[in-house]
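Colleague: I would like the atomic coordinates for the input below:
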Amino acid sequence: MRSNSLTGAYVLIAVGTYFLLQKQGWLPNIRPLVSEWWPVLLIAIGVIMIVQRRSRG
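Modeller: Numbers count the residues shown, from 1 in each chain. Next up, the predicted model:
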């Protein structure tokens, strides 16, 4: 259960790092792509959650 609580922290660190690097001009701007395809990300997260729960029990 402890690893689940750390997952959120890792995600926040990764997202924050990406936006910082993008703002500095070191990474390309993917905001137009994200704004178009964000529902697919939600679907993928949901599928991953279902698969993980089924594999546990």
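Colleague: let's test this: mean pLDDT of the lengthiest helix in the chain, rounded?
Modeller: Ordering each helix of the chain by length in residues (DSSP state H) puts helix 31-56 first. Average pLDDT, helix 31-56: 86.
Colleague: use 5 as the first number for this chain going forward.
Modeller: Sure, I'll start numbering at 5, so the last one becomes helix 35-60.
Colleague: now that helix: how far from the chain's centre is it?
Modeller: 9 Å (CA atoms, centre = their mean, to the nearest Å).
Colleague: report pLDDT for the residue nearest to the spatial centre of the chain.
Modeller: Residue closest to the average C-alpha location in the chain (CA atoms, centre = their mean): residue 15, at 5.8 Å. Looking at residue 15, its pLDDT is 83.
Colleague: host element of it?
Modeller: helix 6-27 (DSSP states H and E).
Colleague: tilt between that helix and helix 35-60?
Modeller: With axes from the mean of the first three to the mean of the last three CA atoms, to 10 degrees defining the directions, helix 6-27 sits at 170 degrees from helix 35-60.
Colleague: what about helix 6-27, distance to the chain center?
Modeller: With CA atoms, centre = their mean, you get 8 Å for helix 6-27.
Colleague: residues contacting it, please?
Modeller: For helix 6-27, contacts defined as CB atoms under 8 Å, 6 or more residues apart in numbering pick out 31-34. C-beta coordinates here come from the backbone N, C-alpha and C atoms, glycine included.
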